[in-house]
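>>> Generate coordinates for the sequence data below:
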Amino acid sequence: MLKRLSNAAAFGVLAVLVLAFSLAGAGEATDEGFAKVAQRVPGFGGMFFDEHGTLTVYLLEPAQQLEAERSIQAVLGREVLGTGRIRVLPGQYGFLQLKEWHERLGSVLAIPGVTLTDVDDAKNRLRIGFEKMGAQVLAVERELARLGIPREAVHFEETGPIKLEASLQTLHRPLVGGLQISFRSPPSTFLCTLGFNAVRAGRAGFVTNSHCTAVQGGVENTVHHQPTKVGTNVNRIGLEKVDPAYVAVAAGVCPPRECRRSDSAFARRDVGVTASLGRIARPALGAVAWNGIDTFRIVSESAASVVGHAVTKVGRTTGRTQGNVTGVCVNINVADTNFTQLCQNQANYGSAGGDSGSPVFRIVDSPATNDVQLYGIHWGGGGSHSPIANVQLATELGPLTTCAAGFAC
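This next block holds a predicted model:
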């Protein structure tokens, strides 16, 4: 089974998730919703679920409990209360007061080292976060005094820096192996993985699967984008240039099917698109999340695979997975096609739709940690991948430069 993934499938999953969250969020459990409760019950100071799942409410006047229950149900929905009654804690500050103070804190966010401001519903206080507790704490305390906000009403917290969460599926430059790419094969747009950057006949580009082009086998000038197509040229990274046709019959070599020795294609990189030759994204094992910095370095290529060798792949869907080679030089009929891939390798690493094109490599940690030997390019189920030696046959893509600077391959 080929491992590209259509955008329609990806968006279908997203739509289900969005619907689920929309239904779950039918009530108004936001600061505005809390403010509406406080307008009905002025002593309402916020609420939260404790570690036992009990709805806990701050009230300035405990006698307002029944009124608070009715107001919470009316504003936020019956589901919030559940079957039990609320637990009441004595509050010091009404929610409307905390909200009004919080709305003044824009100037605090401008102080270097501050990460967040919040109405802390679990503490009946304001919350201000810092990358690290230090001199900026004094600056914030001075600003609180200037704003007329009592220091005792504010909880300080060290959060560390709060960074964007990136992944193999988001936009990255320079290009490295393992990133999500997309292409159009009418009537759909599909997602695959960039295998590895390469130079072929003096042209800089990258390698992915032949089936990650508009037509498997043959050059149709497929345009690739990373991570997805936006408009015509936004996110465009390259153009298909080498993708040999499958051979219908080759006596004694190919069965009466269409055959090749690699599922690979070479795309010329667009002018102005940066790439790191010999680099593969290095997320944590089992993860798709990637910081855009950590990489593996290709320092050699595999002359031959051996059953039992440990190998790793990095792909846009399942991220970094690892396993062992289970078969070498296997002739594989590709399901639901007339294609046969000759002399392929297989391994038991994890993969899924969209991982097509993933680089397959062996971590050798020599001469430096995270140095790798390039084994090939993943294309299908059972960890099926085309050996790098096959990819570079004269009848396939031909000689490629794939190694990082200073290494010969």
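
>>> which regions of the stretch 201-350 of the chain lie under the pLDDT threshold?
Low-confidence segments of the stretch 201-350 of the chain, defined by pLDDT under 70: 249-253.

>>> Mind jotting down where the strands sit in it?
Using DSSP state E, counting those that start in this stretch, the strands of the stretch 201-350 of the chain run over residues 203-208, 223-230, 234-242, 258-260, 265-269, 275-281, 295-301, 310-315, 319-333, 339-347.

>>> Once you drop chain neighbours, what's closest to Trp290?
Pro283 (4.2 Å; Cβ to Cβ, 6 or more residues apart in numbering). In short, each C-beta sits where N, CA and C put it, glycine included.

>>> the strands in the stretch 1-150 of the chain, which residues?
Going by DSSP E, counting those that start in this stretch, the stretch 1-150 of the chain shows strands at 5-6, 44-49, 55-59, 87-90, 114-120, 125-130.

>>> mind checking which of the ones you listed is nearest Ser188?
If you check each of those against Ser188 by Cβ to Cβ, strand 5-6 wins as the nearest, at 4.9 Å.

>>> Which among the strands of the stretch 1-150 of the chain is found nearest to Ala287?
Of all the strands of the stretch 1-150 of the chain, strand 5-6 comes closest under Cβ to Cβ, at 18.1 Å.

>>> So for that closest one, mean pLDDT?
In this model, strand 5-6 carries a mean pLDDT of 61.

>>> cool, and stretch 152-160?
In the prediction, stretch 152-160 has an average pLDDT of 94.

>>> Which positions within it qualify as buried?
By neighbour count on 16 or more other Cβ atoms under 10 Å, the buried set for stretch 152-160 is Val154.

>>> Distance-wise, check the closest residue to Asn370 other than its chain neighbours relative to Ala347.
Distances taken as Cβ to Cβ, 6+ apart place Phe296 nearest to Asn370, at 5.2 Å, with adjacent residues excluded. For Phe296, the distance to Ala347 equals 17 Å [Cβ to Cβ, to the nearest Å].

>>> Name the residue in those two with the higher neighbour count.
Taking neighbours as other Cβ atoms under 10 Å, Phe296 and Ala347 compare with Ala347 leading, 28 against 25.

>>> Report the backbone C-alpha coordinates of stretch 128-141 in CSV.
Presented in CSV, the C-alpha positions along stretch 128-141 are these (Å, rounded to 0.1, in the frame of the first residue of the first chain):
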residue,chain,number,x,y,z
ILE,A,128,1.7,36.8,36.0
GLY,A,129,4.3,34.4,34.4
PHE,A,130,8.0,34.9,34.0
GLU,A,131,10.6,33.1,31.8
LYS,A,132,12.7,33.2,34.9
MET,A,133,12.3,34.9,38.3
GLY,A,134,14.8,37.8,38.4
ALA,A,135,15.1,41.5,38.1
GLN,A,136,12.0,41.8,36.0
VAL,A,137,9.9,40.9,39.1
LEU,A,138,10.8,44.2,40.6
ALA,A,139,9.8,46.0,37.4
VAL,A,140,6.5,44.2,37.4
GLU,A,141,5.9,45.1,41.1
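
>>> Please list the outside residues in contact with that stretch.
By Cβ atoms under 8 Å, 6 or more residues apart in numbering, the residues outside stretch 128-141 that reach it are 105, 108, 111-118, 151, 154-162.

>>> And the residue nearest to Trp290, how far from Leu116?
For Pro283 relative to Leu116 (Cβ to Cβ), the value is 26 Å.

>>> Between these two, which has more neighbouring residues?
It is Pro283, of Pro283 and Leu116, that has more neighbours when counted by other Cβ under 10 Å, with 18 against 14.

>>> was I right about the more buried one contacting Thr295?
No - at 10.1 Å, Pro283 does not count as touching Thr295 under the criterion of Cβ atoms under 8 Å.

>>> got a list of what the residue nearest to Trp290 touches?
167-168, 178, 289-290, 294, 314, 319-320.

>>> hmm, which of these are the buried ones?
Buried, going by 16+ other Cβ under 10 Å: 167-168, 178, 290, 314, 319-320, out of those.

>>> Out of these, the closest to Val88 would be?
Closest approach between the buried ones among the contacts of Pro283 and Val88, by Cβ to Cβ: Ser167, at 43.0 Å.

>>> gap between the spatially closest residue to His225 that is not a sequence neighbour and Thr170?
Closest residue in space to His225, ignoring its immediate chain neighbours: Asn235 at 4.4 Å, by Cβ to Cβ, 6+ apart. Distance, Asn235 to Thr170, using Cβ to Cβ: 11 Å.

>>> where do the contact lists of the two overlap?
Residues touching both Asn235 and Thr170 (Cβ under 8 Å, 6+ apart) are Pro227.

>>> on that earlier part again, can you list the strands of the stretch 1-150 of the chain in CSV and add distance to Ala145?
As requested, those are arranged in CSV below (distance: least, Cβ to Cβ, whole Å):
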stretch, distance to Ala145
strand 5-6, 55
strand 44-49, 23
strand 55-59, 25
strand 87-90, 26
strand 114-120, 16
strand 125-130, 14
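
>>> Which one of the ones you listed lies nearest to Leu81?
strand 55-59 (6.4 Å).

>>> Enumerate the beta-bridge partners assigned to the residue sitting nearest the centre point of the chain.
What sits nearest the mean C-alpha location of the chain, by Cα atoms, centre = their mean, is Ser167, with 2.9 Å. Note on Ser167: beta-bridge partners Ala289, judged by DSSP bridges.

>>> And the pLDDT for it?
89.

>>> List the residues that contact it.
Here Ser167 is in contact with 283, 288-290 (Cβ under 8 Å, 6+ apart).

>>> how's this structure carved up into domains?
104-158, 175-391 (automatic domain parsing).

>>> Of the contacts of Ser167, which pair is most distant in space?
Maximum distance among these (Cβ to Cβ): 7.2 Å, for Val288 and Trp290.

>>> Now for the two: what residues contact both?
Residues touching both Val288 and Trp290 by Cβ under 8 Å, 6+ apart: 167-168, 319.

>>> okay if I get those as JSON lines plus distance to Asp371?
Compiled in JSON lines, these are given as follows (distance: Cβ to Cβ, whole Å):
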{"residue": "Ser167", "distance to Asp371": "24"}
{"residue": "Leu168", "distance to Asp371": "20"}
{"residue": "Gly319", "distance to Asp371": "20"}
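
>>> Return the member of those nearest to Ser305.
Of the shared contacts of Val288 and Trp290, the one sitting nearest to Ser305 (Cβ to Cβ) turns out to be Gly319, at 22.3 Å.
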